[in-house]
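Engineer: Pasting a predicted model and its sequence here:
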Amino acid sequence: MSRFLKVLVPATAGTAGLLTLSYIMAGHFVTETPPSPQAVFVTAANAQGNAAPEPALSPQPPVPATARDGGYGLGREALAEEIAAWDIDIRPDGQGLPAGSGDVWTGEEVFVEKCAACHGDFGEAVGRWPQLAGGMGTLERKDPVKTIGSYWPYLSTVWDYVNRAMPFGDAQSLTPDEVYAITAYLLYLNNVVEDDFELSDESFAGIEMPNAEGFKPDDRPETELAAFAGDVCMQGCKDDVRITMRAAVLDVTPGSDTPDTDVAQDTVEVESSAEPEPADDENAARTDAADEASADQRPDPELAAAGARVFKKCSACHQVGDGAKHRSGPQLNGIVGRSAGTVEGFRYSSAMEEAGANGLAWDHETLAAFLADPRGYIKGTKMAFSGLRSADDIAAITAFLEAQGD
């Protein structure tokens, strides 16, 4: 026998065996579909030796296949606990909530431990992670800040998302009480509740989010579709094209060689009121007196050092020292003695700007009152920090800030 035949014969036998096995197995798993009435009629006619009749003019509806007795042998009915593990969604009215509760201060502890690495201690965000607090009054701006307080319409969305997907990388590891506590803390950061608030399955329905009325059904099919469904004009659509606004973010508006004549150029003349310089001896005396006064006003170095440690609670949002930049809060160099809400380049809340315009300046007394209860001292401030409870910490951090200078 040639080598070709020696290879071919086993291969042929193996193929035949495989096909035979497939045929036998198909008999166990393939459900026989009952023949259609037409097929039965044709078979009976052929058995009697008659010619097959013409097909019926009206097509017959297909006959569904019947299930095998006892099912198909796949899967089983889900257990009640398995269904409960999937059924965790929460409705806006609180349906689906488990029993439990959590207060703001417990929520702060859990949040700092399990959430702050990405979202910051006060929901101000770290890096590219989402900001969770603030942003009130920004939705009409070109750069809205969409947070839980400024944008989300339902508290159930907060609870459900924290419960379902957080912490990142360890989803659904929080207990119901921890989720209630974190949600309560997030409400506090967004000025929805006070620091003594406790959230539970019973108090849940009584919370209304600030932007609850900011959403409405999509009515564009009725209000806009008709306006855009007609023929589109491609050329000669207007007789006159004028620039009515200019881009504020990117310089993309076509320019002009002629200056705008509508912009008024106001000039102000300042009269000189310089006084003669005093004699050298008088200057020297004034300098010495100023140095002595400055020495008396310098903060205690030890107290300032203690304030540096307290400032770690603020460093998530604020910077001080050389090269300090704005973060979610303004840089604080030269804060002592400065009017509130006046650091250049930072966008303050309207409440802070209004306080500064009304004469609020940061000295030891006003800083102490603000740091003890920021949101109580200035209603509407963006600062989400709950406040320092110790008068010693307040004195220390004031000394630290005062030592930073300008």
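Structural biologist: It's in.

Engineer: Now do the buried residues in stretch 94-109.
Structural biologist: Buried residues in stretch 94-109, counted by 16 or more other CB atoms under 10 Å: Gly94, Leu97, Ser101, Gly102, Asp103, Val104, Trp105, Thr106, Gly107, Glu108. To be clear about C-beta, it is placed using only N, CA and C from the backbone, and glycine gets the same treatment.

Engineer: List the ones among those that fall in helices.
Structural biologist: Judged by DSSP state H, helices contain the following of those: Val104, Trp105, Thr106, Gly107, Glu108.

Engineer: So the second one is in contact with Asp195, correct?
Structural biologist: Looking back up the chat, that one is Trp105. Yes. Using CB atoms under 8 Å, Trp105 is in contact with Asp195, at 7.1 Å.

Engineer: circling back: for the ones in helices among the buried residues of stretch 94-109, which one is nearest Thr157?
Structural biologist: Minimum distance to Thr157 across those is 17.0 Å, recorded for Gly107 (CB to CB).

Engineer: Tell me which residues touch the closest one, please.
Structural biologist: Tyr180, Ala181, Ile182, Thr183, Ala184, Tyr185, Leu186, Tyr188 (CB atoms under 8 Å, 6 or more residues apart in numbering).

Engineer: can you do 7 Å?
Structural biologist: Ala181, Ile182, Ala184, Tyr185 (CB atoms under 7 Å, 6 or more residues apart in numbering).

Engineer: Check Leu225 too.
Structural biologist: Counting by CB under 7 Å, 6+ apart, Leu225 has no contacts.

Engineer: and if you look at Ile378?
Structural biologist: Taking CB under 7 Å, 6+ apart as the test, what Ile378 contacts is Ala351, Met352, Ala355, Phe370.

Engineer: just His364 next, same as before
Structural biologist: Thr398.

Engineer: how close does it get to Asp393?
Structural biologist: Distance, His364 to Asp393, by CB to CB, to the nearest Å: 14 Å.

Engineer: now swap in Asn191 and tell me
Structural biologist: 23 Å.

Engineer: Gly236 now?
Structural biologist: 71 Å.

Engineer: quick one, which of the two is more surrounded?
Structural biologist: Asp393 (18 against 6; other CB atoms under 10 Å).

Engineer: Which strand or helix spans that one?
Structural biologist: In this structure, Asp393 sits in helix 391-404 according to DSSP states H and E.

Engineer: Show me what that helix packs onto, helices and strands only.
Structural biologist: helix 301-310, helix 364-372 (3 or more CB pairs under 7 Å, 6 or more residues apart in numbering; DSSP states H and E).

Engineer: Would you agree Asp393 is in contact with Val310?
Structural biologist: Yes. Assessed by CB atoms under 7 Å, Asp393 is found in contact with Val310 at 4.8 Å.

Engineer: Helix or strand next in line after the helix or strand of the chain with the lowest mean pLDDT, which one?
Structural biologist: In the chain, no helix or strand scores lower on mean pLDDT, DSSP states H and E than helix 37-47, which sits at a mean of 40. Next along the chain after helix 37-47, taking DSSP H and E as the criterion, comes helix 80-86.
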